[in-house]
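A.B. asks: Build me a model:
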Amino acid sequence: MPSAIWRKKRRIIRHYDRLASTYDTLYKEEQDRKIEHILSHIQLKGSDLVLDAGCGTGFLFRHIYKQVSNLIGVDLSNGLLRVALQHVKTYGMESVSLIRADVDHLPFKQNVFDNVFALTLLQNSATINITVQEILRTAKNGSTVVLTGLKKGFSKKRFIQTLRKERLTFNMIPAPASVKDYLALCSIDHKAKNK
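C.D. replies: Predicted structure coming up:
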């Protein structure tokens, strides 16, 4: 991987490691609003295996850990994962597992997850197309992948172009002004994508 990409990843890791202790205070309200809005548009099943790619401190966990069979959170920042682990222990989230990994190189087989969430992740990616492809690789055929793009990192046009470039079938979720991301629900059909 080119050194410029790793330099950007290291900058992002350092940024979030420094921010970890205050991350919840800064972003919890904003992230909770977004997650609640997204969850009002999808259905989770008790048997679902869910991936939270770029899980941060685990905002999504608190909303869905009781609704799904297993929830795996992946992040590159040790600092954010330490805070997430504290939340997992504090709230007794036995269905949650945490893994330090790069979302561009997920340590999972193909077609594993029933639902994948990549919330407020893409604007931090050094290689957005690789990030999206890797997330899609892990999703089962017929699954739902939720992708968001922070408005200060994407124009709506660029966000939609990113999704179209991957030949995704998606619906944009209209969101209130208080949600600072573009939100997309992607339906995964690996057969159609490979044609």
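
A.B. asks: which residue packs closest to the residue most central in space within the chain, ignoring adjacent ones?
C.D. replies: For the chain, residue 118 is the residue whose C-alpha lies nearest the centre (Cα atoms, centre = their mean; 1.7 Å). Closest residue in space to residue 118, ignoring its immediate chain neighbours: residue 53 at 4.5 Å, by Cβ to Cβ, 6 or more residues apart in numbering. To be clear about C-beta, it is placed using only N, CA and C from the backbone, and glycine gets the same treatment.

A.B. asks: any idea how far residue 116 is from the one you found?
C.D. replies: Distance, residue 53 to residue 116, by Cβ to Cβ, to the nearest Å: 6 Å.

A.B. asks: now swap in residue 181 and tell me
C.D. replies: 16 Å.

A.B. asks: Name the residues of stretch 139-157 that come out as buried.
C.D. replies: Residues 139-140, 143-150, 153-154 are the ones in stretch 139-157 that count as buried (16 or more other Cβ atoms under 10 Å).

A.B. asks: would JSON lines of these with secondary structure and distance to residue 16 be doable?
C.D. replies: JSON lines is the format used below for those (DSSP: H, G, I helix; E, B strand; the rest coil; distance: Cβ to Cβ, whole Å):
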{"residue": "139", "secondary structure": "strand", "distance to residue 16": "24"}
{"residue": "140", "secondary structure": "strand", "distance to residue 16": "29"}
{"residue": "143", "secondary structure": "strand", "distance to residue 16": "27"}
{"residue": "144", "secondary structure": "strand", "distance to residue 16": "26"}
{"residue": "145", "secondary structure": "strand", "distance to residue 16": "22"}
{"residue": "146", "secondary structure": "strand", "distance to residue 16": "20"}
{"residue": "147", "secondary structure": "strand", "distance to residue 16": "19"}
{"residue": "148", "secondary structure": "strand", "distance to residue 16": "17"}
{"residue": "149", "secondary structure": "strand", "distance to residue 16": "18"}
{"residue": "150", "secondary structure": "strand", "distance to residue 16": "14"}
{"residue": "153", "secondary structure": "coil", "distance to residue 16": "15"}
{"residue": "154", "secondary structure": "coil", "distance to residue 16": "19"}
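
A.B. asks: now, the most widely separated pair of these?
C.D. replies: For the buried residues of stretch 139-157, with distances taken as Cβ to Cβ, the pair at the greatest spread is 140 and 153 (28.2 Å).
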